[in-house]
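Peer 1: Quick one, structure for this:
(chains A and B)
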Amino acid sequence: MSIIATLQEPTTGTVRVGGYDVRRQKQEVRALLGYLPQDFGLYPSLTVYETLDYMGILYNIQDPKERKDRIEAAMEKVNLSNLRNRPIGHLSGGMRQRVGLAQAFLNKPKLLIVDEPTGGLDPEERIRVRSLLAELGGEGVILLSTHLIEDVEAVADTVTVLHKGRVRFLGTISGMLDSIRNKVWQVNLTPAELPAFRGKHLETGLLRDGNNIRLRIVAEEKPTPTAQQIEPTLEDAYIQFMREGTDEPA
Amino acid sequence: MNPPNALPQTVRIKSPLPFMAWTELKMGLRSGQFRFLALLIFLLGWSVGGGGGRGVATSAYNAGDTACRFLGVAVAIWISLGAVRDTAMRTEVIIFTKPQPLERLALARFLGFFGQIVCFVFALFLGAILSRLSTGLGLLGFSAYLPQFLRAIFTLFFVASASYCLASLADSVIAGSLIALYWVVAMSGKDFLAKFYFVWYSQNLLGYTLLGAALLCFNLWFYRKKWRGESKVPIAIRLLAPALLIGAAWSMWAVVRDGHDPMARQSKALDRMESQSIQENALAPGFLLPDQNGKPTGLSHFPGKILIIALWSPQDPDSTFLLSKLEEVSKKYGAQGVQPIAICLSEDAGVAKTFAQGEAVSYPIVYDWGTHNASRQTDVSPLASAYRSSHLPYVVVTDRRHRVAKLLEPPSSYEGSTLDEQIDKRLAEEPE
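Peer 2: Predicted coordinates for the structure are as follows:
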């Protein structure tokens, strides 16, 4: 993410954004980007409007009317219009995250990079940010990095699973689900049977159901005669890809 | 994919630098730390600015000197904190991924922070002026605040640019604070250092301002170089940086070359001046020194006049009373051929002008540029040595042929009627 955002040099290989090399043509790449880092700060003494106004200037949006219109639209989109005069230092974490997102798409970027945008947010804010990303997806390319599968399910058209720097999967969400279709099983066990069963298959979930335990596993073959085949989720597929890459060197 | 031909985001209409700098300044002015520090500085100005005297000279000089000496330490630390702020606050990952040249971002931040420094100096001088007003002494010679204000601004510009350069290139507050350490060493080691090490002396300001500007340019040149890619630093910066450095070196050398300082380089003219010795009924030791307007002034410029030669130092609070006394003498006896000449013993070349303005005097105040660093100026000025003045302010009354008639030590040099009696006595013996 940092390499694409021009903050870090690639040790090998080349990255191009809009045809521009991120190593050599950083300014040109930056003009095409919107970037919301995972860990970022904003100036606490500036208000929401002033922050976006400053970012607008940094994006070279010099026409005051155009800048104002874009800021108004961005604030509307992230639902912060009523907090326009509140200093950033007085906002909650979720609100700050929304300001961060607003500044990232203020320049109508060709590529919007968002790195773990919902990390640390309460469920309500997480849903709000996720919905916003889904909405923005219609306006340009969004590169979303996340460890939260729900984010991917809600937003992504194309998914890349990276593990130890290698691409484990590249394709659509349905393609990702198809990759483990007919391999996900639910096994009902008693607590006494569980220790003997564990470790034999890739587990992707465990649920208590009264005195019994429902174990969700990924396996090529039906693991027990009573196992039921169930619909795969992205989480199942993600864990399967991670497992496949565990033994390989980075 | 081919690069797009035209990107609206990269169209440059006009430089956004002023807006960026203003935003940086605005952020600083709103911070609680800034306001607290500004209040302390205002109180500092109040405490040093109530100096007595007919005019505001002492108030202005004390405000300027305090700003240069004590704000220097605070400014070095303040600017260093500012230089690494974006790293500490994690705002740089947002700011530096915007399509702005890095040198513009760095310069805007510097200008914003330097604007805060100007506000600090303003607060100090405001405190000094209000303090002076509160004493009920009035603001005669108000324009004397201006040169001292400018002296403080240029001094702190050097502090700010040097600290900013060190802190931002090393990305460390400690690196920038080395300038604060230098300041402390310079203040405490005054007796052992040559005059050109002292940024805040008026004669050194040009050299150090150029050096500060050169450091700023080098900083803009090399700041976050790895984030620059292939985009070039503007040619103006690459040319200015070495040119300013050469200019600074030349200016500093000129100060040493034309100065008199046992720690650096001594002037033969000042050595000759020092070799004289005052004796009653003999000619007063001669000199040719620049007055408050820069005009060389000596005894020979006042043929046939009874001279009142007064040696004083700005560090001596009683000196302003002497300057007031000399103004009275000038008005009362000027028409009868009595001419006061004040000799300012200070390492700083700008002091004579400040006191001449601040006390609104009509007689020449010459600057003894041979005065060098020491706790007591009378110990180290060639002219003070020739006049054997052990205590300041010190007055010599001559006859019309400039032979020494009377030596007056404090307090009789400025208090009471002793000086008037001596002048009356001379006028009785040598009427015009």
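Peer 1: what helix or strand does B:Met27 sit in?
Peer 2: helix B:17-30 (DSSP states H and E).
Peer 1: and the next element down the chain from that helix?
Peer 2: helix B:32-48.
Peer 1: Just checking that next one against chain A, any contact.
Peer 2: No - residues of helix B:32-48 are not located near chain A by C-beta under 8 Å from any C-beta of the partner chain, the shortest gap being 9.1 Å. For the C-beta atoms, the positions are set from N, CA and C on the backbone; glycine is no exception.
Peer 1: Can you name every helix or strand that the helix or strand that that helix is followed by contacts?
Peer 2: Once the chain leaves helix B:32-48, the next helix or strand it forms, by DSSP H and E, is helix B:57-83. For helix B:57-83, the packing partners by 3 or more C-beta pairs under 8 Å, 6 or more residues apart in numbering or on different chains; DSSP states H and E come out as helix B:32-48, helix B:102-134, helix B:145-170, helix B:173-188, helix B:319-333, helix B:351-358.
Peer 1: Helix B:57-83 versus helix B:102-134: what angle between them?
Peer 2: 150 degrees (axes from the mean of the first three to the mean of the last three C-alpha atoms, to 10 degrees).
Peer 1: what's the spacing between helix B:57-83 and its chain's center?
Peer 2: 11 Å (C-alpha atoms, centre = their mean, to the nearest Å).
Peer 1: cool, and stretch A:166-174?
Peer 2: 14 Å.
Peer 1: ditto for stretch B:93-113
Peer 2: For stretch B:93-113, the distance to the chain centre is 31 Å (C-alpha atoms, centre = their mean).
Peer 1: buried stuff in it?
Peer 2: B:93-113 (16 or more other C-beta atoms under 10 Å in any protein chain shown).
Peer 1: check those residues against chain A, which are close?
Peer 2: Within the buried residues of stretch B:93-113, those near chain A by C-beta under 8 Å from any C-beta are B:Val93, B:Ile94, B:Ile95, B:Phe96, B:Thr97, B:Lys98, B:Pro99, B:Gln100, B:Pro101.
Peer 1: Just the ones of the residues you listed in helices?
Peer 2: B:Val93, B:Ile94, B:Ile95 (DSSP state H).
Peer 1: which one of those residues is nearest B:Tyr333?
Peer 2: B:Ile95 (67.8 Å; C-beta to C-beta).
Peer 1: Nearest residue to the closest residue to chain B within chain A in space, ignoring adjacent ones along the chain?
Peer 2: With C-beta to the nearest C-beta as the measure, A:Lys26 is the residue of chain A nearest to chain B, at 3.3 Å. Nearest residue to A:Lys26 in three dimensions, chain neighbours excluded: B:Gly229, at 3.3 Å (C-beta to C-beta, 6 or more residues apart in numbering or on different chains).
Peer 1: Just give me the closest of the ones next to chain A among the buried residues of stretch B:93-113 to B:Lys26.
Peer 2: B:Ile95 (15.5 Å).
Peer 1: How about the contacts made by the closest one?
Peer 2: Going by C-beta atoms under 8 Å, 6 or more residues apart in numbering or on different chains, B:Ile95 touches A:Leu58, B:Asp86, B:Leu105.
Peer 1: Would you mind measuring from the last one to A:Ile4?
Peer 2: This means B:Leu105. 20 Å (C-beta to C-beta, to the nearest Å).
Peer 1: residue with max distance from the center of chain A?
Peer 2: A:Ala192 (38.9 Å; C-alpha atoms, centre = their mean).
Peer 1: how is chain B carved up into domains?
Peer 2: As given by automatic domain parsing, the domain ranges for chain B are B:15-257, B:268-429.
Peer 1: Mean pLDDT added to those, as CSV?
Peer 2: Converted to CSV, the domains of chain B look like this (pLDDT from 0 to 100):
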stretch, mean pLDDT
domain B:15-257, 94
domain B:268-429, 90
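Peer 1: Distance to A:Ala74 for those domains - can I get that in TSV?
Peer 2: Listed next are these as TSV, based on distance: least, C-beta to C-beta, whole Å:
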stretch	distance to A:Ala74
domain B:15-257	15
domain B:268-429	53
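Peer 1: quick one: the helices in the stretch 151-300 of chain B?
Peer 2: B:173-188, B:205-222, B:235-257, B:268-274 (DSSP state H, counting those that start in this stretch).
Peer 1: which of these sits most buried?
Peer 2: Mean neighbour counts were taken over the helices of the stretch 151-300 of chain B using mean count of other C-beta atoms under 10 Å in any protein chain shown, and the top value, a mean of 22, falls to helix B:205-222.
Peer 1: That helix near chain A at all?
Peer 2: No - using C-beta under 8 Å from any C-beta, helix B:205-222 stays clear of chain A, coming no nearer than 15.5 Å.
Peer 1: Output that helix in CSV with nothing but the alpha carbons.
Peer 2: Coordinates of each C-alpha in helix B:205-222 appear next as CSV, following Å, rounded to 0.1, in the frame of the first residue of the first chain:
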residue,chain,number,x,y,z
LEU,B,205,22.9,39.9,11.7
LEU,B,206,23.5,40.1,8.0
GLY,B,207,25.9,37.1,8.0
TYR,B,208,23.7,35.0,10.2
THR,B,209,20.5,35.9,8.3
LEU,B,210,22.2,34.8,5.1
LEU,B,211,23.4,31.6,6.8
GLY,B,212,19.9,31.0,8.1
ALA,B,213,18.4,31.4,4.6
ALA,B,214,21.1,29.1,3.1
LEU,B,215,20.3,26.4,5.7
LEU,B,216,16.6,26.8,4.9
CYS,B,217,17.4,26.3,1.2
PHE,B,218,19.5,23.2,1.8
ASN,B,219,16.7,21.9,4.0
LEU,B,220,14.2,22.4,1.1
TRP,B,221,16.7,20.7,-1.2
PHE,B,222,17.4,17.6,0.8
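Peer 1: Give me the residues contacting it.
Peer 2: By C-beta under 8 Å, 6+ apart, helix B:205-222 touches B:102-103, B:106-107, B:110, B:151, B:154-155, B:157-162, B:164-165, B:168-169, B:196, B:199, B:233, B:237-238, B:240-242, B:244-245, B:247-249, B:251-252, B:254-255.
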